[in-house]
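Undergrad: everything below, folded, please.
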Amino acid sequence: MKLRVVGPGINQVVTLKQDATVNDLIEYVGIDVKTLRFGYPPQRISLQEDDVALRQTQLDELGINSGEKITLELSQSSESFSMPPPQPKPRRVLKSTEMSIGGNGEDVLSVHPVPDDNSCLFHAIAYNIFKQDDVRALREMVSKEILKNPNKFNDAILDKANKEYAQWILKMESWGGAIEIGIISDALAVAIYVVDIDAIKIEKFNEEKFDNYILILFNGIHYDVLIMNEFKTVFDKKNQPESDNVLTAALQLASNLKQTGYSFNTHKAQIKCNTCRMTFVGEREVARHAESTGHVDFGQNK
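TA: Numbering: from 1, shown residues only. So this is what the prediction gives:
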């Protein structure tokens, strides 16, 4: 479990065991805490020194999950020798790849870029879920699922033979799309929301199955990650109003990015192979070219 902990003299990401208790957190930061504040809108938990049961309660039982930001308020005794009160921070100037969430001035949704190497979809999902690059494992997951269900993933759906596609998707130069998103979403038991910059809409995969979801940003030829406060990547649609505010911010950010030329319409614009200079329209044409030639360097034909 990873948490961002802030308070007087404290602003750090801490790593605790999954079944960590309130007392584990207090011992980790090494100060006497009077109050824990977390969630949106903020929930406040007051800690009394003699409340042993509360201090031994697991954090997840209180609704504190990995990725949460916790604000600490100190007891009188700790405040007497703590660092001087922090000065008011200047209002943050947002970049073009950032958007304020809920208008509170504290929470920010931003673009976390991933490598542009034809595995960007897998990079984005792996970062959201694992905070590490596990591209190969995700490709293997997709390949095995396709082979296991030849009726569901037939030639008409895949636009090629089942076994051929299962081998093709293992190649690092093969682009992933809706088929791969659906399979990975089911396998990891998390909904995947794709924020389409060009259409300024959110396409939701398995929203009806799972409450938890991740956000990936699609500009027409490339996927990136959307991340809250440079840390949180998994959201809960039942956690209101935070979830609604995050999705609103995602669409506002998509609109801003489209205006700055960040989007790319694959149905209208051309994609250029930077290796042989040939041009194509649509991802499928590019994928076929990459498969037949081994070329992997593509960009917008301006």
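Undergrad: so residue 70 sits in a helix?
TA: No. The assignment for residue 70, made by DSSP: H, G, I helix; E, B strand; the rest coil, is strand rather than a helix.
Undergrad: which strand residues bridge it?
TA: In this entry, residue 70 is beta-bridged to residue 5, residue 38, by DSSP bridges.
Undergrad: give me the pLDDT for it.
TA: Turning to residue 70, the model gives it a pLDDT of 86.
Undergrad: and for residue 269?
TA: 56.
Undergrad: all helices of the stretch 1-150 of the chain, in order?
TA: With DSSP state H, counting those that start in this stretch, the ranges of helices along the stretch 1-150 of the chain come out as 22-29, 52-55, 76-79, 120-130, 135-148.
Undergrad: out of these, which is the most enclosed?
TA: Counting by mean count of other Cβ atoms under 10 Å, helix 120-130 has the highest mean neighbour count of the helices of the stretch 1-150 of the chain, with a mean of 22. Just so you know, the C-beta spots here come from the backbone N, C-alpha and C atoms, and that holds for glycine as well.
Undergrad: look up how far residue 226 lies from the spatially closest residue to residue 176 that is not a sequence neighbour.
TA: The shortest distance from residue 176 to any non-neighbouring residue, by Cβ to Cβ, 6 or more residues apart in numbering, is to residue 121 (3.8 Å). With distances taken as Cβ to Cβ, to the nearest Å, residue 121 is found 14 Å from residue 226.
Undergrad: what is in contact with those two at once?
TA: With contacts taken as Cβ atoms under 8 Å, 6 or more residues apart in numbering, residue 121 and residue 226 have residue 216 as neighbours in common.
Undergrad: so what's residue 181 up against?
TA: By Cβ under 8 Å, 6+ apart, the contact set of residue 181 is 121, 125, 192, 194, 205.
Undergrad: ok, longest helix in the chain?
TA: Taking DSSP state H as the criterion, the chain has its longest helix at helix 242-259.
Undergrad: pLDDT below threshold where in the stretch 1-150 of the chain?
TA: The stretch 1-150 of the chain contains residues with pLDDT under 70 at 9, 40-41, 49-50, 75-93, 104.
Undergrad: which among the contacts of residue 181 gets closest to residue 243?
TA: Distance to residue 243, by Cβ to Cβ, is smallest for residue 192 among these, at 14.7 Å.
Undergrad: gap between the helix or strand containing that closest one and the chain center?
TA: Taking DSSP states H and E as the criterion, residue 192 maps to strand 191-196. In terms of Cα atoms, centre = their mean, to the nearest Å, the centre of strand 191-196 is set 10 Å apart from its chain centre.
Undergrad: the contacts of residue 181 into JSON lines, with extra columns for distance to residue 3?
TA: JSON lines is the format used below for the contacts of residue 181 (distance: Cβ to Cβ, whole Å):
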{"residue": "121", "distance to residue 3": "28"}
{"residue": "125", "distance to residue 3": "23"}
{"residue": "192", "distance to residue 3": "24"}
{"residue": "194", "distance to residue 3": "28"}
{"residue": "205", "distance to residue 3": "28"}
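Undergrad: could you pull out the strands for the stretch 101-250 of the chain?
TA: 108-112, 191-196, 201-205, 212-218, 223-228, 234-236 (DSSP state E, counting those that start in this stretch).
Undergrad: what's the closest of those strands to residue 146?
TA: Closest approach to residue 146 among the strands of the stretch 101-250 of the chain (Cβ to Cβ): strand 201-205, 16.3 Å.
Undergrad: so what does the closest one touch, helix or strand wise?
TA: Judged by 3 or more Cβ pairs under 8 Å, 6 or more residues apart in numbering; DSSP states H and E, the packing partners of strand 201-205 are helix 178-188, strand 191-196, helix 242-259.
Undergrad: run the last query once more with 10 Å
TA: Packing partners of strand 201-205 (3 or more Cβ pairs under 10 Å, 6 or more residues apart in numbering; DSSP states H and E): helix 178-188, strand 191-196, strand 212-218, helix 242-259.
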